[in-house]
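>>> Sequence isn't available, so here's the structure alone:
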């Protein structure tokens, strides 16, 4: 496996060569490689935990927070879970070779649009070492070579995990270079990796805004950003308020630190008086800090009113990723759509309504990867969508929008078969 | 319509606002707008030809070549052809709203993946003023606002054409700003346009390598390059040599100046002795300059041999776009695939063979937008592929690969409908 000593360009050249053999590999070989990786992870548990201990020791010495140390931590259970995830990816249908369209053209040519591997994907990611294996599994299943660049805090864990993945995959018949790791988590390696035009087909960052900013300044290869989400739940005039309450609570509270959690609640003025006192009390009881506009505040009395915070302009644009919710009252469905258009990040947006026309207007008027009618924004997820595992969610509009699953890691080609056809 | 006086950012903001109304517009309104544009072009013929005359006069004064002046020229016939093209686009099926997938999830949620308009597309292009209308028609049909930036040599023609398109479209009920033109063909406007993140969703350059280079250095919005092609025809050991001859001639000679014309002929050594003397004589008779490797040369005798040029290393990487062909002999199908992988631009690649296994190996082994078996590379074209009009051909692997038609000018969203669904 490619590690420390090699320059980034050399690693990418090896990956590019591997990608040709990978593209020609059959489904069974790739699945066997994933099974071999899962088995090797479990067999080499001690080695993995030893390496992880070195990262944890270094992290403690460097004063990492408990939260970061927990993200870094591997345990026997966690390694078994990674192995199980790898086996689940192996069990997914092969995205390669699927016929996407085609037919017989007027001139008799047979045209097929076929899904094919992308080539070489670079994944750059932060602390969690499980991404090393998750990303490698998704790429190999898609017939694509991957170049991984983890963070410096997980350097020992990542080196062992990537080494195990590469050895196991190569042992199962995949080409040398199908999985490789760029050692060193510095900005130089990142810039190197992001400018390997012709060798790297796509780079996917999984991390915070800092990583994205660092990348967008230098990348010349295509990038798909696994995106942040400023998601809204809109309670329409015609909402069923029980559904509205359940969806609002779920979207905000069930897992507030993720990109598909809601950050803003908008309520139609006709539903506000009946809904907001009940909803804000329930949210408050779950420990949610409520940042409300004047009209929402005017509907709340008692002790809760004192705990409400006045929403600032910035709150409507903020992805809190925490138990904080901005709350506003709107005059109309159009105003809600307009608000979401101005402040949303195009990730996941929900309407709660029993009115078919309102649902349709929201579906069409909201420009986002995922638009929900009477369902929580929390469903935006490759697994929930039946796509199997995902490498993140995209709020870009080109190529991949929403969950980035196996299919989104592929490209396609047209195959055209004739019998000596020439163009007149 | 937005023209000269407005700064680029303002034009793009108006286009962005228009894109929301356009996305909500129905198919019939958009088709009526295209019909209105076609009618207006024919009714305002005199105005168009007058403006074009001013560009031609300025071009002659500036010493433009006859070829460039011809690209710039509009005639009554050409304007009628542009109007007819617009009506053809109107007659195509609406790409917006097409269901791309979905179904009922295990939890009962109904998921639909739906094609939706992209938003705002910027098209930058060189001399030909017909692109002004072609691009506007494709974008409007796709429900997308377009910002056009033509070359300075066609400034008067483009202003009149874009003005007519905008007026006619707006008169037919589409929003103000659905078509706009950035006046000024300078590099500053280009850089301005290519950095309107959040306002412009995609920029498509139609032009030479200079335009692409200028763009790739500055663009921060997504770009799809309408690509050049270094295309190959490979004659397999098991080729039918009559088909091989017809395809080779067609791919090289029928229209040598376009991106899907062949630039290199590769011949399996077992077919070379029978094929090359005949093929090279026929190509020579068509005026093709032949740049051959040593093994090809050794098979040619007589007067033709004296006219052969020795192929340089650079010839294998050159898109001649002229009656010039590089010719080489290979030892195997694998060597041909390897050669194409090293030198091709991923555009259009053809094999001529009667051997099913060879065809399959070529289809799978060649990484290109379009792979042909027993057909000319010249078929790579949206019209030929049954996609209707196209705005160019992409050799990128993400989003659009091959012809960029109406569907490729769109994005998609997931619409998920529940009944109060929350995630557990």
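Received it, and whenever you're ready, just let me know what you need. All of these numbers come straight from a predicted model, not from anything done at the bench. Residues are numbered from 1 along each chain as shown, chains lettered A, B, ... in the order given.

>>> Report how many residues lie close to residue A:198.
By other CB atoms under 10 Å in any protein chain shown, the residues close to residue A:198 number 11. Every residue, glycine included, has its C-beta placed from N, CA and C.

>>> Can you confirm whether whichever strand or helix holds residue A:233 lies near chain B?
According to DSSP states H and E, residue A:233 maps onto strand A:231-235. No: Strand A:231-235 stays clear of chain B (CB under 8 Å from any CB of the partner chain), getting no nearer than 11.3 Å.

>>> What strands flank that strand, and is each parallel or antiparallel?
strand A:262-268 (parallel), strand A:348-352 (parallel) (DSSP bridges).

>>> Mind listing residues that contact the first one?
Outside strand A:262-268, the residues that touch it by CB atoms under 8 Å, 6 or more residues apart in numbering or on different chains are A:229-237, A:239, A:248, A:251-252, A:275-276, A:279, A:296, A:315-316, A:318-320, A:324-333, A:336, A:339-340, A:343, A:350, A:377.

>>> which of these are buried?
For these, a burial check counting by 16 or more other CB atoms under 10 Å in any protein chain shown picks out A:229-237, A:239, A:248, A:251-252, A:275-276, A:279, A:296, A:315-316, A:318-320, A:324-330, A:333, A:336, A:339-340, A:343, A:350, A:377.

>>> what packs against the helix or strand harbouring residue A:41?
Assignment of secondary structure by DSSP H and E places residue A:41 within helix A:27-43. Helices and strands touching helix A:27-43, by 3 or more CB pairs under 8 Å, 6 or more residues apart in numbering or on different chains; DSSP states H and E, are helix A:76-91, helix A:130-141, helix A:155-171.

>>> Now that helix: buried residues?
A:30, A:31, A:32, A:33, A:34, A:35, A:36, A:37, A:38, A:39, A:40, A:41.

>>> what do you get for stretch A:249-266?
In stretch A:249-266, counting by 16+ other CB under 10 Å, buried: A:249-253, A:256, A:259-266.

>>> which of the residues in the lowest-mean-pLDDT helix or strand in chain A are buried?
One helix or strand of chain A scores below all others by mean pLDDT, DSSP states H and E: helix A:209-218, with a mean of 82. By 16+ other CB under 10 Å, the buried positions in helix A:209-218 come out as A:211, A:212, A:214, A:215.

>>> ok, now how distant is the first one from chain B?
Think residue A:211. 17 Å (CB to the nearest CB, to the nearest Å).

>>> Quick check: end-to-end length of stretch A:344-354?
End-to-end span of stretch A:344-354 (CA to CA, to the nearest Å): 23 Å.

>>> With stretch A:347-362 instead?
Counting by CA to CA: the opening and closing residues of stretch A:347-362 are 14 Å apart.

>>> before we move on, the earlier item: and which of the buried residues of stretch A:249-266 is nearest to chain B?
Distance to chain B across these (CB to the nearest CB) is lowest for residue A:250, with 3.5 Å.

>>> which one is the closest one nearest to, not counting chain neighbours?
residue B:422 (3.5 Å; CB to CB, 6 or more residues apart in numbering or on different chains).

>>> residues in contact with the one you found?
Counting by CB under 8 Å, 6+ apart, residue B:422 touches A:246, A:247, A:249, A:250, A:254, A:375, A:376, A:378.

>>> Any chance of these in a markdown table with secondary structure and pLDDT as columns?
A markdown table is the format used below for these (DSSP: H, G, I helix; E, B strand; the rest coil; pLDDT from 0 to 100):
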| residue | secondary structure | pLDDT |
| --- | --- | --- |
| A:246 | helix | 98 |
| A:247 | helix | 98 |
| A:249 | helix | 98 |
| A:250 | helix | 98 |
| A:254 | coil | 95 |
| A:375 | strand | 98 |
| A:376 | coil | 98 |
| A:378 | helix | 97 |
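
>>> any chance of the residues you listed in a markdown table, plus distance to residue A:21?
Converted to a markdown table, those look like this (distance: CB to CB, whole Å):
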| residue | distance to residue A:21 |
| --- | --- |
| A:246 | 51 |
| A:247 | 48 |
| A:249 | 51 |
| A:250 | 46 |
| A:254 | 44 |
| A:375 | 43 |
| A:376 | 43 |
| A:378 | 40 |
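
>>> quick check: mean pLDDT across stretch A:178-191?
Per-residue pLDDT values across stretch A:178-191 average out to 86.

>>> With stretch A:306-326 instead?
96.

>>> ditto for stretch A:391-398
92.

>>> wait, does that stretch make contact with chain B?
Yes: with CB under 8 Å from any CB as the measure, stretch A:391-398 is seen reaching chain B through A:396, A:397, A:398.

>>> from those, which is closest to residue B:104?
Top of the list for closeness to residue B:104, among the residues of stretch A:391-398 next to chain B and by CB to CB, is residue A:397 at 26.3 Å.

>>> The closest one: helix or strand, and which one exactly?
With DSSP H and E as the test, residue A:397 turns up in no helix or strand.

>>> Note down every partner strand of the biggest strand by length in chain A and its orientation.
In chain A, ranked by residue count with DSSP state E as the criterion, the top strand is strand A:410-421. Sheet pairing of strand A:410-421 (DSSP bridges) gives strand A:110-117 (antiparallel), strand B:370-375 (parallel).

>>> most packed of those?
Highest mean neighbour count of these: strand B:370-375, a mean of 28 (counted as mean count of other CB atoms under 10 Å in any protein chain shown).

>>> and it, how far from the chain's centre?
Relative to its chain's centre, strand B:370-375 lies at 18 Å (CA atoms, centre = their mean, to the nearest Å).

>>> Walk me through the domains of chain A.
Domain assignment for chain A by automatic domain parsing gives A:8-226+A:404-416, A:231-379.

>>> mind checking which of those domains is nearest residue B:26?
Judging those by CB to CB, what sits closest to residue B:26 is domain A:231-379, at 10.5 Å.

>>> Off-centre distance for the closest one?
In this view, domain A:231-379 has its centroid 23 Å away from the chain centroid, taken as CA atoms, centre = their mean.

>>> so how far does it reach from one end to the other?
Start-to-end, domain A:231-379 (CA to CA) is 12 Å.

>>> In contact with residue A:307, which residues are there?
Residue A:307 neighbours (CB under 8 Å, 6+ apart): A:284, A:290.

>>> Alright, I will stop here.
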